[in-house]
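**Q** A predicted structure for the sequence below; I have some questions about it.
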Amino acid sequence: MISLRGLTKRYGGTLAVDDLTFDIQTGRVTGFLGPNGAGKSTTMRMILGLDHPTRGRALIAGRPYADLRRPLRAVGAMLDARAVHPARSGRTHLVAQARANGIPVRRVDEVLETVGLTKAARRPAGTYSLGMSGRLGVAGALLGDPPVLILDEPVNGLDPDGVRWIRRLVRDQAAEGRTVFLSSHLMSEMQLTADHLVIIGRGRLLSDTSMTDFLAAASPASARASVPDPEQRATLVRRLMAIDGVSVETSADGELTVEGSTAAEVGDLAHHCGVRLHGLSDIRVSLEQAYMDLTARSVEYATGGTAERGRQ
Ligand SMILES: Nc1ncnc2c1ncn2[C@@H]1O[C@H](COP(=O)(O)OP(=O)(O)OP(=O)(O)O)[C@@H](O)[C@H]1O
């Protein structure tokens, strides 16, 4: 587990991280979200002892990073995929890390295989594409087989196959009981990957909640269903419209969109009226929409509509 207590970082006049208190639990993937400049990288850097907090603390399994005896065995991290000497091969880079942490060299070949870099392992890292550099960064994070993984934008530069690979990898790591903390601006991907969300804006905690609860709270009760029989459709629409706060839109092909009512309520009413339904489901907002609504007021570098909404 990772624990943050009152974690704060000030750079001159910039309050980059402002009094963050939350826990990142084991056995699940926690997504770390926030607009550009919100303080995600600074927070990760402080957890990893690369930046000193102005106030507060960050602990990994109860200890500050600096007190970990074999850090790579306790926590694996990828903050900047390009932070590798360009003339060194990927393999040489990992061997140096392994030796410094008492990790057997055979583990290097294992992780190179895991991330799909075996063929490119002996090429200078400077010749790697962004996606390959990301894979090397992930290999470094996995080297010590650590119980905690911290990955800053791991899908950056990856092709669709690589994106799915990262998703499966981090989900497997969490299923094995590890703590996985990762940031990304790709909301659709985060929705598929994370169990839990921590969202910050301008350095402050905006939300610390499960993905399910976050999406449910952002979704007003609404449902969609098809009614194949036109007479039954008219009956159901009439009955729904008679309920206070419920509105119904009917598409050209007979699909109903019901605002103000859940799928369960629509299904119960249809059953009561003897109406046959197809494809009944709740309408949930996407993570992207829920996130945009939450962060609209804390967007630092916004454009167009988002900035307008931020001022409301
Ligand atoms: N070394 C530094 N010196 C001065 N200011 C810094 C430094 N590092 C970060 N900042 C500032 O701290 C704030 C938070 O930056 P940070 O990189 O942590 O945000 P982020 O959420 O990771 O952003 P992004 O999504 O763009 O990567 C920004 O205003 C940034 O300019």
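**A** Thanks, I have the structure now. Numbers count the residues shown, from 1 in each chain.
**Q** burial count for the spatially closest residue to residue 225 that is not a sequence neighbour?
**A** Nearest in space to residue 225, with sequence neighbours left out and distances taken as CB to CB, 6 or more residues apart in numbering, is residue 280 at 4.1 Å. C-beta: built from backbone N, CA, C; applies to glycine. Residue 280 has 17 neighbours, counted by other CB atoms under 10 Å.
**Q** contact partners of the helix or strand where residue 280 lies?
**A** Residue 280 belongs to strand 278-282 when elements are defined using DSSP states H and E. Strand 278-282 is contacted by residues 219, 221-228, 255, 262-263, 266-267, 270 when judged by CB atoms under 8 Å, 6 or more residues apart in numbering.
**Q** Summarise which helices and strands whichever helix or strand comes after that strand is packed against.
**A** Toward the C-terminus, strand 278-282 is succeeded by helix 287-295 as the next helix or strand (DSSP H and E). Using 3 or more CB pairs under 8 Å, 6 or more residues apart in numbering; DSSP states H and E, the elements in contact with helix 287-295 are helix 187-193, strand 196-201, strand 204-210, helix 211-218.
**Q** Now do the SS call for residue 82.
**A** Under DSSP: H, G, I helix; E, B strand; the rest coil, the three-state class of residue 82 is coil.
**Q** so what's it scoring on pLDDT?
**A** At residue 82, the model reports a pLDDT of 76.
**Q** Count the residues that sit near it.
**A** 15.
**Q** who touches it in this structure?
**A** In this structure, residue 82 makes contact with 130, 133, judged by CB under 8 Å, 6+ apart.
**Q** Would you map the strands across this protein?
**A** Counting by DSSP state E, one finds strands in the chain at the ranges 2-11, 14-24, 28-33, 55-60, 75-78, 148-152, 179-183, 196-201, 204-210, 222-226, 247-250, 255-259, 278-282.
**Q** now those as CSV including distance to the ligand and mean pLDDT?
**A** Listed next are those as CSV, based on distance: least, CB to the nearest ligand atom, whole Å; pLDDT from 0 to 100:
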stretch, distance to the ligand, mean pLDDT
strand 2-11, 3, 97
strand 14-24, 3, 96
strand 28-33, 9, 97
strand 55-60, 14, 96
strand 75-78, 14, 94
strand 148-152, 7, 96
strand 179-183, 7, 97
strand 196-201, 7, 96
strand 204-210, 12, 95
strand 222-226, 32, 95
strand 247-250, 38, 95
strand 255-259, 34, 95
strand 278-282, 32, 94
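**Q** List the contacts of stretch 96-106.
**A** Around stretch 96-106, the neighbours that count as contacts under CB under 8 Å, 6+ apart are 70-73, 88, 95, 107-108, 140, 143-144.
**Q** And stretch 263-273, by the same measure?
**A** Stretch 263-273 has contacts (CB under 8 Å, 6+ apart) with 221, 223, 225, 227, 232, 235-236, 239-240, 256, 258, 276-277, 280-282.
**Q** Then stretch 108-120?
**A** Residues outside stretch 108-120 that contact it (CB under 8 Å, 6+ apart) are 90-91, 94-95, 98, 121, 128, 132, 135-136, 138-140, 142-143, 165, 169.
**Q** Residue 190 contacts residue 215, correct?
**A** No: Residue 190 is beyond contact range of residue 215, at 11.5 Å (criterion: CB atoms under 8 Å).
**Q** can you list residues touching both of those two?
**A** Shared contacts of residue 190 and residue 215 (CB under 8 Å, 6+ apart): residue 287.
**Q** out of those two, which sits in the more crowded spot?
**A** The neighbour comparison of residue 190 against residue 215 (other CB under 10 Å) goes to residue 190, with 23 against 19.
**Q** Quick check: buried residues in the strand holding residue 280?
**A** residue 280 (16 or more other CB atoms under 10 Å).
**Q** what's the answer for stretch 237-246, then?
**A** 237, 239-240, 246.
**Q** In the stretch 151-300 of the chain, what residue comes closest to the ligand?
**A** Using CB to the nearest ligand atom, the closest approach of the stretch 151-300 of the chain to the ligand is made by residue 185 at 6.5 Å.
**Q** So what touches stretch 158-172?
**A** 29, 114, 116, 131, 134-135, 138, 149, 151, 154-155, 180, 182, 186, 189, 192-193.
**Q** May I see the PyMOL selection of the buried members of these?
**A** PyMOL command restricting the contacts of stretch 158-172 to the buried ones, with burial defined by 16+ other CB under 10 Å:
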select buried, resi 29+131+134+135+138+149+151+154+155+180+182+186+189+193
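**Q** Since that was my last question, I'll sign off now.
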